[in-house]
Every structure is written in C-alpha cells, then in structure tokens.
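A.B. asks: What would the 3D arrangement of this be:
(chains A and B)
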2 protein chains.
Amino acid sequence: MLTIALPKGALLKESIELCQQVGLDFSLFLSSSNRQLQIEDSQGLAKAVLVRAQDVPVYVEYGQAHLGFVGYDVLKEKKANVANIANLGFGYCRMSVAVPENSPYRSSVDLPAHGIVASKFVNCAKEYFRSLDLPVEIVPLYGSVELGPITGMSEAIVDLVSTGKTLRENGLIEIDVLFESSAYLVANPLTYRLNTYNLNDWVKKIIKVS
Amino acid sequence: MLTIALPKGALLKESIELCQQVGLDFSLFLSSSNRQLQIEDSQGLAKAVLVRAQDVPVYVEYGQAHLGFVGYDVLKEKKANVANIANLGFGYCRMSVAVPENSPYRSSVDLPAHGIVASKFVNCAKEYFRSLDLPVEIVPLYGSVELGPITGMSEAIVDLVSTGKTLRENGLIEIDVLFESSAYLVANPLTYRLNTYNLNDWVKKIIKVS
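C.D. replies: Got it, this is the predicted structure:
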C-alpha cells in the first residue's frame, strides 16, 4: 500500500491538509490524544507514518515510505538518496548565520579564522564556510543553539530562522542567509521510476493542490 | 565562576538534588514556568546552564562548563574530550539490541549479515557490531526508533532501555545488552588539572553525597 511519511512539528498541519485535498485523511495525527504512529486513511487507499522531520528522508530512501513531506533544510543536511519532486511552498524559513548584537561581526567573512560556530546543521554550516574559505570550527549542538554565543562558547551560530523571535529574545542578529527553505515533496527513487502504486498520479494531484 | 552543565530530561531532578546537597541550589530549573537556561545559585558560588543531555559533554569539553552531569550512554556515543570523574549511580538504564517478538533472532549474532539496524546511537551500534564482525548497516534515526522494525525497515534496533515499557508496547524484545549506563560526573580536563575554582573540592563533595 502507498505509504507517506509525515513530519512531526512545524510542517505537519499543512502536510495533512494537502493530503486531505487529494482525498487522503490522516487528520487523526493532529489529535492531541493520538498515540499511533501509523494510520490508514478511511478508504484504505494509503497509509501514513508519523516520524521526526529528520527521519522522513530515511524512511523514503529505504522505501518504507514512498512519498514524504520534508523541509529543504533537512534534505540539504541529510543528503539522503531521495527524489526531490516539488517545492510545496509552505513552511518558509531560512538558514542563517547569527551573532550577538554587540559583537563586531556584521558578515560571515568578518568572523575570525578558527572561530567557533555552533549549529544543529553541521553539514550545511561546514559546506557554507568551506565555500567562503573560512576555516572555522563547527561545534554540533542538539538544542538551544543560541546558548553557544550567550555562554561565550561560539562566536556565531548557524540555525533556522522563521520569525526571528528566538534570535531577538537572545540578543542575536542575523548577518547572513545560507539558503531559504520550505516544504518539499520527496519520493523513493525506484518507486517513482517504476510508478508503483500509481505514484505519479498521486504526485500530480498533490502538486496541483499545493 | 564555577559553571555546571545540567542535562534536560531524565537525569535533571537527581542532578539538581546532588547539587543541593553540596550547597548549590538550582531547583529553579525544575519549575515548569522557568524559561531561563542559565542561573546562579543564591549565594553566588556557582552558575548552572541547562542544556540537552547530548550537549553536556560539548559545553564541558569547550570549557563553558567546568563540571557536568551526563549519562554514560551519551559519553560513549559522543566520545568527547572530558574527564570522566565518577559514576554517580543514578539514572540506570542499558543500551540493548531489540527485535520483534515474532522474529527468528534471539541473539545479535543471529542477525543476517547486511541486515539493517536502526539507532539513535550510531557510534555505539557500529562499535558493537564491528566487535562481533557482523557487517550490518546502521541507519540513524532521531525519534521513535521502534518504528524501524514495525515498518519493516530494520531487522533490529539499538536503543536505551530503562523499564522496557516502550519495547513491550511495540512488540519488541531485548536480545542483547551492549552496556549498562548511569549518570556520570564529568569535568573539563584542564580546569580539573589546574584545580581552577577549587574544582577538586566540589568534586569530592559531590562524590561524597552521591
């Protein structure tokens, strides 16, 4: 059966709405009392698995899900072997470099060589600073990256910014944008090529309503 | 000022209790209304930063915290350059291999060569299967690792088990234990060696009450 990987978090609601518009109802995942991680739509047309945003490309790459909704930031960080079908246009945010307001740096290239940059997006950050030929050290953090500059551990951070509220609350300002991100529809490459489960029809329908 | 990294999650309460017993009150972190990530104890003796468990070794390695409370599982996974001072004896759990109840595997060595094992603890899992000379593929997942075998993506998982409730709820059974884990006190190696902020006294006091 066609299986769709849906990401927990910021993109879930709009991903489920798109599915509903093509006739697949997975809205049970939005109920706060739901504990299931796998559900079938009421007509038995497709199944959905609810996973962490970072795990969507993994499930799609390994073929346990044939389609997935996932942010471009995750795709770029994980470099998974999935077919990037379409930019769905919602969930806009940007991957940015930020520094404390009172620091002397106003651009990435101002950062000191061998300075420290904290990030959850280690691959994105490494790639970006390599492209600038700036040999900074990227320190991986899992949570509250903004603590890096606050505690003095790092000169800067690379993190996702949507409204900018978290940065402002922590006295940080954006000085550069690595790339802009929004939700993408991805597919398992083999399933897509062989058009198993009429995948192409589903893809066309989802793109049409997006 | 002496700075202590405290881990969010399962080890927080007991870590804070140990600090209280040596005269450092960081219980504000246990209040549900608290939004601060850095606080000073009321006597101005020390500061605490509240970070993700996986980030504790990073803050201690980079010297932004001089002491940290962290699970042995995280230390083993992250291989951070910190001094492992003492096993504090609380927060017991174990890193285990688990498979679906109805699978034919009853030991790690039964797993098929080139089988797939899903885990959040990629380094621990790799090291373990390498020691068995079993060439399995380790697939990194961030959340709900038990979905790996349920969806058929992986033959097994490597994950932390404390009560075993999550495994049972998902029809999985433990077949091997990689290692046992509990909370450790770690220190920044240089601060510890130089005894900055009288670190050795604090360490002795914490060990004494643990």
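A.B. asks: Now for A:Tyr92, how many residues are close by?
C.D. replies: Applying other Cβ atoms under 10 Å in any protein chain shown, we find 12 residues neighbouring A:Tyr92. For the C-beta atoms, the positions are set from N, CA and C on the backbone; glycine is no exception.
A.B. asks: I figured it hits A:Val161, correct?
C.D. replies: No - in this structure, A:Tyr92 is not within contact of A:Val161 by Cβ atoms under 8 Å, at 10.5 Å.
A.B. asks: can you give me the strands for chain A?
C.D. replies: Assigned strands in chain A, in chain order: A:2-7, A:38-40, A:46-51, A:67-71, A:83-87, A:93-100, A:116-119, A:137-140, A:156-161, A:172-181, A:183-187 (criterion: DSSP state E).
A.B. asks: hey, where'd the helices end up in chain A?
C.D. replies: Under the criterion DSSP state H, chain A contains helices at A:12-21, A:56-61, A:72-78, A:122-131, A:147-150, A:165-169, A:189-194, A:199-209.
A.B. asks: and A:Ile207, how many residues sit next to it?
C.D. replies: Around A:Ile207 there are 15 other residues, counting by other Cβ under 10 Å.
A.B. asks: dump the residue contacts of it.
C.D. replies: A:Ile85, A:Ala86, A:Leu185 (Cβ atoms under 8 Å, 6 or more residues apart in numbering or on different chains).
A.B. asks: switch to 6 Å and redo it
C.D. replies: A:Ile207 makes contact with A:Ala86 under the criterion Cβ atoms under 6 Å, 6 or more residues apart in numbering or on different chains.
A.B. asks: Check the gap between it and chain B for me.
C.D. replies: Distance, A:Ile207 to chain B, by Cβ to the nearest Cβ, to the nearest Å: 26 Å.
A.B. asks: could you dump the strands of chain A to JSON lines with mean neighbour count and distance to B:Leu147?
C.D. replies: Output for the strands of chain A, formatted as JSON lines (neighbours: other Cβ atoms under 10 Å in any protein chain shown; distance: least, Cβ to Cβ, whole Å):
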{"stretch": "strand A:2-7", "mean neighbour count": "23", "distance to B:Leu147": "10"}
{"stretch": "strand A:38-40", "mean neighbour count": "16", "distance to B:Leu147": "8"}
{"stretch": "strand A:46-51", "mean neighbour count": "23", "distance to B:Leu147": "7"}
{"stretch": "strand A:67-71", "mean neighbour count": "28", "distance to B:Leu147": "14"}
{"stretch": "strand A:83-87", "mean neighbour count": "16", "distance to B:Leu147": "22"}
{"stretch": "strand A:93-100", "mean neighbour count": "22", "distance to B:Leu147": "26"}
{"stretch": "strand A:116-119", "mean neighbour count": "25", "distance to B:Leu147": "27"}
{"stretch": "strand A:137-140", "mean neighbour count": "18", "distance to B:Leu147": "24"}
{"stretch": "strand A:156-161", "mean neighbour count": "25", "distance to B:Leu147": "24"}
{"stretch": "strand A:172-181", "mean neighbour count": "17", "distance to B:Leu147": "25"}
{"stretch": "strand A:183-187", "mean neighbour count": "24", "distance to B:Leu147": "18"}
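A.B. asks: Can I get these in JSON lines including mean pLDDT and distance to chain B?
C.D. replies: Listed next are these as JSON lines, based on pLDDT from 0 to 100; distance: least, Cβ to the nearest Cβ, whole Å:
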{"stretch": "strand A:2-7", "mean pLDDT": "98", "distance to chain B": "8"}
{"stretch": "strand A:38-40", "mean pLDDT": "94", "distance to chain B": "7"}
{"stretch": "strand A:46-51", "mean pLDDT": "96", "distance to chain B": "6"}
{"stretch": "strand A:67-71", "mean pLDDT": "98", "distance to chain B": "12"}
{"stretch": "strand A:83-87", "mean pLDDT": "97", "distance to chain B": "18"}
{"stretch": "strand A:93-100", "mean pLDDT": "98", "distance to chain B": "14"}
{"stretch": "strand A:116-119", "mean pLDDT": "98", "distance to chain B": "8"}
{"stretch": "strand A:137-140", "mean pLDDT": "96", "distance to chain B": "6"}
{"stretch": "strand A:156-161", "mean pLDDT": "97", "distance to chain B": "13"}
{"stretch": "strand A:172-181", "mean pLDDT": "97", "distance to chain B": "14"}
{"stretch": "strand A:183-187", "mean pLDDT": "98", "distance to chain B": "16"}
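A.B. asks: so can I have CSV of the ones you listed showing distance to B:Ser154?
C.D. replies: Output for those, formatted as CSV (distance: least, Cβ to Cβ, whole Å):
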stretch, distance to B:Ser154
strand A:2-7, 15
strand A:38-40, 15
strand A:46-51, 13
strand A:67-71, 17
strand A:83-87, 22
strand A:93-100, 30
strand A:116-119, 28
strand A:137-140, 24
strand A:156-161, 29
strand A:172-181, 28
strand A:183-187, 20
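A.B. asks: how does chain A divide into domains?
C.D. replies: What automatic domain parsing lists as the domains of chain A is A:2-91+A:182-209, A:93-181.
A.B. asks: So for B:Lys47, which of those domains sits nearest?
C.D. replies: Comparing those against B:Lys47 with Cβ to Cβ, the closest turns out to be domain A:93-181 (9.4 Å).
A.B. asks: ok, residues contacting stretch A:137-152?
C.D. replies: Counting contacts by Cβ under 6 Å, 6+ apart, the residues touching stretch A:137-152 from outside are A:100, A:116-120, A:122, A:125-126, A:154, A:157, A:159, A:170, B:37, B:52, B:54-55, B:64.
A.B. asks: So what would you say the end-to-end distance of stretch A:180-189 is?
C.D. replies: 24 Å (Cα to Cα, to the nearest Å).
A.B. asks: Now do that stretch: everything it contacts.
C.D. replies: Stretch A:180-189 is touched from outside by A:11, A:60, A:63, A:66-73, A:82-94, A:206, with contacts defined as Cβ under 6 Å, 6+ apart.
A.B. asks: low pLDDT regions in chain A?
C.D. replies: When residues are selected by pLDDT under 70, none of them lie in chain A.
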